[in-house]
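Novice: What shape does this take:
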Amino acid sequence: GVDNKRADFLSRAPDPEDYCLRVGLCRRACAHFGVKPSIDLFANRYNRQVKKFYTMRPDPLAAGVNALWQKWPRGPLYANPPWSLITQFLNKVSEERATVLTVLPVWQAQAWWTEFRQLWVA
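Specialist: Sure, this is the predicted structure:
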């Protein structure tokens, strides 16, 4: 009925937080910083930048669901977190003492910007 059509439509709508860098840009950034990330922390099978990835929805190809719930592997990681999760992501980076090639918007007025600058190495 009508409810099924609406649910079907909503399930097919694009996720506004489902975005990524072009693959060439990610590769250039990795080469520039001399890193080979072992996992993409916020991805899906279509936009992952690294073979191994965590996703926000269950996927049999994913290493796990929700990077914020996982124990992260050692070594360089890659993250282009959803904007709504940036604060939680930065807290997790601190908690895990992780090295992460991170893509973030330059939003200096955001509350999380100071924490990001404290973690920033390059």
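Novice: For Cys105, which non-adjacent residue is spatially closest?
Specialist: To be clear, residue 105 is Pro; Cys isn't right here. Distances taken as C-beta to C-beta, 6 or more residues apart in numbering put Trp83 closest to Pro105, at 7.0 Å, once the chain neighbours are dropped. C-beta here means a position set from N, CA and C on the backbone, and glycine is covered the same way.
Novice: Please list all residues in contact with the nearest residue to Lys52 once chain neighbours are set aside.
Specialist: Using C-beta to C-beta, 6+ apart and skipping the chain neighbours, the partner closest in space to Lys52 is Ile39 (4.5 Å). Listed by C-beta atoms under 8 Å, 6 or more residues apart in numbering, the contact partners of Ile39 are 50, 52-54, 63, 72-73, 77-78.
Novice: What remains of those if I keep only buried residues?
Specialist: Buried members of the contacts of Ile39, scored by 16 or more other C-beta atoms under 10 Å, are 50, 52-54, 63, 72, 77-78.
Novice: Mind checking which of these are in strands?
Specialist: 54, 77-78 (DSSP state E).
Novice: Specify which member of the buried ones among the contacts of Ile39 is nearest to Lys92.
Specialist: Trp72 (7.6 Å; C-beta to C-beta).
Novice: Phi and psi next, for that closest one.
Specialist: The phi/psi pair for Trp72 (degrees, to the nearest 10) reads phi -80, psi 140.
Novice: Could you check how far it is from Arg22?
Specialist: Separation of Trp72 from Arg22 (C-beta to C-beta, to the nearest Å) stands at 25 Å.
Novice: now do Pro81
Specialist: Distance from Pro81 to Arg22, by C-beta to C-beta: 18 Å.
Novice: Specify which residue of those two has the higher count of neighbours.
Specialist: More crowded of Pro81 and Arg22, by other C-beta atoms under 10 Å: Pro81, with 22 against 9.
Novice: Great, nothing more from me.
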